[in-house]
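Chemist: Coordinates for the following, if possible.
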Amino acid sequence: MNLGRRSRPEPHIPFLLGLLVGGVAVALFAPFAGRDVRRRVSEAAKSGGGAVADGWRKTRESAGAVAANLMEQGKERVKDETARLQSAVQAAKTAYNEPPVS
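Modeler: Have a look, this model is predicted:
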């Protein structure tokens, strides 16, 4: 288990964020009337909202899968360590009950 390893973000998330920031920047600096700019920003937000929601859903599903995997690894580790500890306790009991060797 490698707890120190950082996972990389989904490749589409930075792209979508860049697309959103770029779209807002273009809208703000475009030579259009305020009403046209607001309409364009509104349309872009509506069309981009679905993509952002889809990206968020995929990221949430990925996080759920990672969490489930870590939980399963933790359960296996506890199971292995429990068996190891039981074996050590049994060995100690056996050694305690054996007569001393002269």
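Chemist: for residue 100, phi and psi?
Modeler: phi -60, psi 140 (degrees, to the nearest 10).
Chemist: Find the residue at the geometric middle of the protein.
Modeler: By Cα atoms, centre = their mean, the chain has its centre lying nearest to residue 63, at 3.4 Å.
Chemist: Give the other helices and strands that the helix or strand where that residue lies contacts.
Modeler: Assigned by DSSP states H and E, residue 63 belongs to helix 34-97. Helices and strands touching helix 34-97, as assessed by 3 or more Cβ pairs under 8 Å, 6 or more residues apart in numbering; DSSP states H and E, comprise helix 12-29. C-beta coordinates here come from the backbone N, C-alpha and C atoms, glycine included.
Chemist: outside of the helix it packs on, which residues touch it?
Modeler: Applying Cβ atoms under 8 Å, 6 or more residues apart in numbering, the contact partners of helix 12-29 are 37, 40-41, 44, 48, 51-52, 55, 58-59.
Chemist: Please save the CA atoms from it in PDB.
Modeler: Coordinates of each C-alpha in helix 12-29 appear next as PDB, following Å, rounded to 0.1, in the frame of the first residue of the first chain:
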ATOM      1  CA  HIS A  12     -10.500  16.300 -18.700                       C
ATOM      2  CA  ILE A  13     -11.000  18.500 -15.600                       C
ATOM      3  CA  PRO A  14      -8.100  20.900 -16.200                       C
ATOM      4  CA  PHE A  15      -9.100  21.100 -19.900                       C
ATOM      5  CA  LEU A  16     -12.700  22.000 -18.900                       C
ATOM      6  CA  LEU A  17     -11.600  24.600 -16.400                       C
ATOM      7  CA  GLY A  18      -9.300  26.100 -19.000                       C
ATOM      8  CA  LEU A  19     -12.100  26.200 -21.500                       C
ATOM      9  CA  LEU A  20     -14.400  27.900 -19.000                       C
ATOM     10  CA  VAL A  21     -11.800  30.500 -18.000                       C
ATOM     11  CA  GLY A  22     -10.800  31.200 -21.600                       C
ATOM     12  CA  GLY A  23     -14.500  31.600 -22.600                       C
ATOM     13  CA  VAL A  24     -15.100  34.100 -19.900                       C
ATOM     14  CA  ALA A  25     -11.900  36.000 -20.800                       C
ATOM     15  CA  VAL A  26     -12.900  36.200 -24.500                       C
ATOM     16  CA  ALA A  27     -16.400  37.300 -23.500                       C
ATOM     17  CA  LEU A  28     -15.100  40.000 -21.200                       C
ATOM     18  CA  PHE A  29     -12.700  41.400 -23.800                       C
END
